[in-house]
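# This is the structure alone, sequence omitted:
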Ligand SMILES: Nc1ncnc2c1ncn2[C@@H]1O[C@H](COP(=O)(O)OP(=O)(O)OP(=O)(O)O)[C@@H](O)[C@H]1O
């Protein structure tokens, strides 16, 4: 089945998580999670602080190991991969950090070129320049190419951070709180960027956010997490029209801020 508007391939899961458990000592962080991310889909994961969103993302990219359950990313069982295979898989999964994680001593051009130089050793200088300028165009910041991070606004830094992740052409993007700390207008620009990244780069994405406007704008489905599991998954309207219990408090909390 294909969603005609966004080309979501529902028969093709790029991430498939089944019965995932993770504890630290007697702290049960993930308690039997099931989740699918379909090809071409943007999925928002919402939840209060400390509900296990970061732990989930770390397990997806193989930075943490689950206690039990399976995580399949682009057809590979993450847990059973050798280190070189895990590294290769990670190149296909771009993780955009909450802090943009730019190098302060490098210009925008050098920050964007860095992952290419490190991972695509065969690329010529000309190819690198061209790729940097394509990505800078896509994120709408070509004029910043010779600037240093300290000269950029918070929103610009976030966009460059996303650009630096996109430069390796990942198939999956993981956005960690892309709008946190931004004013509403800049947040809107970031949300629009996330939508346009999908169109231009054919990505599937998980967007971790506390921001309901972000979830509503960028996501085809939202998954609300609490106490280590999902308490609701569906379209934004499906999840928030019922508005019961915790889902309702989350909604109310966001709109009275
Ligand atoms: N390496 C670790 N060792 C022990 N406990 C951990 C570890 N990593 C995470 N935790 C615990 O797991 C729980 C979930 O943490 P996590 O960072 O996933 O929350 P989160 O939902 O991402 O929160 P936030 O929205 O604040 O980023 C927290 O109680 C945290 O203290």
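Sure, I can see it. Since the model is a prediction, treat every value here as computed from it, not as a measurement.

# Verify the stated contact: residue 234 with residue 219.
No: using Cβ atoms under 8 Å, residue 234 is not in contact with residue 219, being 10.6 Å away. (Each C-beta comes from the backbone N, C-alpha and C, glycine too.)

# Which one of those two is surrounded by more residues?
residue 219 (24 against 14; other Cβ atoms under 10 Å).

# Now do the helices in the stretch 151-257 of the chain.
Applying DSSP state H, counting those that start in this stretch to the stretch 151-257 of the chain gives helices spanning 154-166, 184-201, 212-218, 236-242, 245-256.

# how about a markdown table for the ones you listed, with distance to residue 133 added?
Shown next, in a markdown table, are the helices of the stretch 151-257 of the chain (distance: least, Cβ to Cβ, whole Å):
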| stretch | distance to residue 133 |
| --- | --- |
| helix 154-166 | 11 |
| helix 184-201 | 14 |
| helix 212-218 | 25 |
| helix 236-242 | 35 |
| helix 245-256 | 38 |
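
# how about those in CSV, adding mean neighbour count, distance to residue 58 and mean pLDDT?
Below are those laid out as CSV (neighbours: other Cβ atoms under 10 Å; distance: least, Cβ to Cβ, whole Å; pLDDT from 0 to 100):
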stretch, mean neighbour count, distance to residue 58, mean pLDDT
helix 154-166, 23, 16, 94
helix 184-201, 17, 21, 94
helix 212-218, 21, 21, 94
helix 236-242, 15, 25, 83
helix 245-256, 14, 23, 59
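
# Nearest approach to the ligand belongs to which of those?
Minimum separation from the ligand across those (Cβ to the nearest ligand atom) falls at helix 245-256, 12.4 Å.

# tell me which helix or strand of the protein sits lowest on mean pLDDT?
Within the chain, no helix or strand scores below strand 2-3, which has a mean of 47 by mean pLDDT, DSSP states H and E.

# Quick check: neighbours of the helix or strand that that one is followed by in the sheet, parallel or antiparallel?
Counting by DSSP states H and E, the element after strand 2-3 in chain order, helix or strand, is strand 8-24. If you go by DSSP bridges, strand 8-24 pairs up with strand 2-3 (antiparallel), strand 27-39 (antiparallel), strand 68-73 (antiparallel).

# starting at the chain centroid, how far to strand 8-24?
Relative to its parent chain, strand 8-24 has a centroid offset of 15 Å by Cα atoms, centre = their mean, to the nearest Å.

# That strand near the ligand at all?
Yes: applying Cβ under 6 Å from any ligand atom, one finds strand 8-24 touching the ligand at residue 24.

# the inter-axis angle of that strand versus helix 184-201?
For strand 8-24 against helix 184-201, the angle by axes from the mean of the first three to the mean of the last three Cα atoms, to 10 degrees is 120 degrees.
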